[in-house]
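Colleague: Here's a sequence, model it:
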Amino acid sequence: MDIFSSLDNSINRLGFWSVFVVIVTAIISLYLPLDAPNGYAVEHADRVAWLSNNRELFIAGWVNQIVAMLSLSGAFFAIAWRVGSTSPLVAMIAAMVVLMSVMAFIIPKFIAVWTIPILAETISTAASGAELADSLLRILNVSVPFSLYTSFDYLGFWLYSLFALLVAKPLFSLSLATKLASVTLGLFGVIYQLMLVALWASEIATVDIEASFIGISLLLIIAIIAMGYEFKKTSSSE
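Modeller: Alright, predicted model coming up:
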């Protein structure tokens with residue numbers, strides 16, 4: 001087996017196991033909280049109390065999100081590699097977009113596991129800097145769609161939508177799995193841009209932003225499951 005074939009096989013395996021980890025972390029996320037119950041509407045004092053009492057669960061939930069994000073990025077890199085044989089320039093741009101999305105996502109997620117628990121503890125114990133901590137925790141609210149924290153998350157998903165638009169056409173091929181992935185990625189990319197325009201036109205209420213934008217990310221799950229089958233098939237045949 002030459003170097004290129006070995007690399008291709010390794011990247012296909014990376015894609016397959018990345019998809020597997022994404023599915024596992026998605027299941028785990030059903031049992032780990034990412035914020036206080038009714039996070040958007042909960043009072044600030046109640047959020048502080050919840051964060052103080054559920055510190056370990058909160059951190060575990062966001063560590064799981066970091067693993068999920070990195071695994072999804074791994075699957076996207078494998079998809080970019082797949083389209084590189086026919087559209088190398090598109091593949092390179094798509095890979096760079098994924099890298100930018102990793103940076104956009106890792107910033108708020110690291111804040112969640114490092115900064116937010118410390119802020120909550122500082123406020124609840126009235127320690128030195130509690131006033132500053134209180135202001136920062138409001139700014140870094142993980143549920144309010146217009147907070148500084150969530151702005152990074154939505155930036156990451158917007159970069160995902162650009163990636164989806166870039167690879168949708170070159171990914172379309174004779175394989176049923178890649179056709180399904182291509183269509184679902186294309187739909188995600190187009191729908192996300194249209195919803196962004198609708199948001200700017202005030203057609204989406206603030207309270208509905210999370211459900212609207214995060215809800216369509218299910219299309220990404222469908223796409224990578226289809227590609228996971230393709231990655232497994234390809235790596236097994238080599």
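Colleague: elements contacting the helix or strand bottoming out on mean pLDDT in the chain?
Modeller: Using mean pLDDT, DSSP states H and E, the weakest-scoring helix or strand in the chain turns out to be helix 209-215, at a mean of 82. Identification of packing neighbours for helix 209-215 by 3 or more Cβ pairs under 8 Å, 6 or more residues apart in numbering; DSSP states H and E yields helix 148-171, helix 176-200. For the C-beta atoms, the positions are set from N, CA and C on the backbone; glycine is no exception.
Colleague: Run through this structure and note the low-pLDDT ranges.
Modeller: 1, 4, 174, 235-238 (pLDDT under 70).
Colleague: For it, which segments count as helices?
Modeller: 3-29, 44-53, 55-83, 88-124, 130-139, 148-171, 176-200, 209-215, 218-236 (DSSP state H).
Colleague: Mean neighbour count for those - can I get that in a markdown table?
Modeller: Listed next are the helices of the chain as a markdown table, based on neighbours: other Cβ atoms under 10 Å:
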| stretch | mean neighbour count |
| --- | --- |
| helix 3-29 | 17 |
| helix 44-53 | 17 |
| helix 55-83 | 21 |
| helix 88-124 | 18 |
| helix 130-139 | 15 |
| helix 148-171 | 21 |
| helix 176-200 | 18 |
| helix 209-215 | 15 |
| helix 218-236 | 20 |
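Colleague: just checking, Glu121 touches Ser52?
Modeller: Yes: Glu121 lies in contact with Ser52 (Cβ atoms under 8 Å); the separation is 6.3 Å.
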